[in-house]
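J.: Sequence first, then the predicted structure, then my questions.
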Amino acid sequence: MTAVVNAYREAGFAGDFAVEEATQPDGTVRAVVRCGRCASSLDPQRITMHSIRRLEGASDPADMVAVIAATCPVCANDGTVVVAFGPMASAADSAVLVAMRDERDDEVLPPAMAPGERSPGATGHVGGATGTAHTGGSNTETS
Ligand SMILES: [Zn+2]
């Protein structure tokens, strides 16, 4: 997980966000995301999610976490937030995960992996810069 977070940091998402539970005046508890720079407690719906990298533990469900690259709407802080998902996720983590504004198609970052990361199995990106073979070319002339 550290490697994933570091990859996002190197891509400019160097800040930190934290999931917190905030008790509202009416007594209900809501999940909020606190920005590590401006300390705003943010409604997760205001957070822009650029990329999410899920990490699944080999056998332990408690290891199922997602690293999300996000941007603060108040101070424009780019950073990462780590949330648990799956059976061990807290209510707050689950709420944040579904509430964030999904902007993964904005091409800021790869949508489902850390920048520069190579996924072992799936070749995520279709298209892009594939080397065009043989421009021009030497035609073999048959005489
Ligand atoms: Zn902020």
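T.: Cool, got the structure. Numbering: from 1, shown residues only.

J.: Near His50, how many other residues are there?
T.: Using other Cβ atoms under 10 Å, His50 has 24 other residues around it. No exception for glycine: its C-beta is placed from N, CA and C like everyone else's.

J.: Over to the one 4 residues further on?
T.: For Arg54, the count of nearby residues is 14 (other Cβ under 10 Å).

J.: likewise Glu103?
T.: So Glu103, with other Cβ under 10 Å, has 17 neighbours.

J.: Which pLDDT does the model give the closest residue to it other than its chain neighbours?
T.: Spatial nearest neighbour of Glu103, excluding adjacent residues (Cβ to Cβ, 6 or more residues apart in numbering): Thr48 at 4.9 Å. If you check Thr48, the pLDDT there is 97.

J.: Just confirm Thr48 contacts Ile68, I think it does.
T.: No: counting by Cβ atoms under 8 Å, Thr48 sits too far from Ile68 to count as a contact (10.2 Å).
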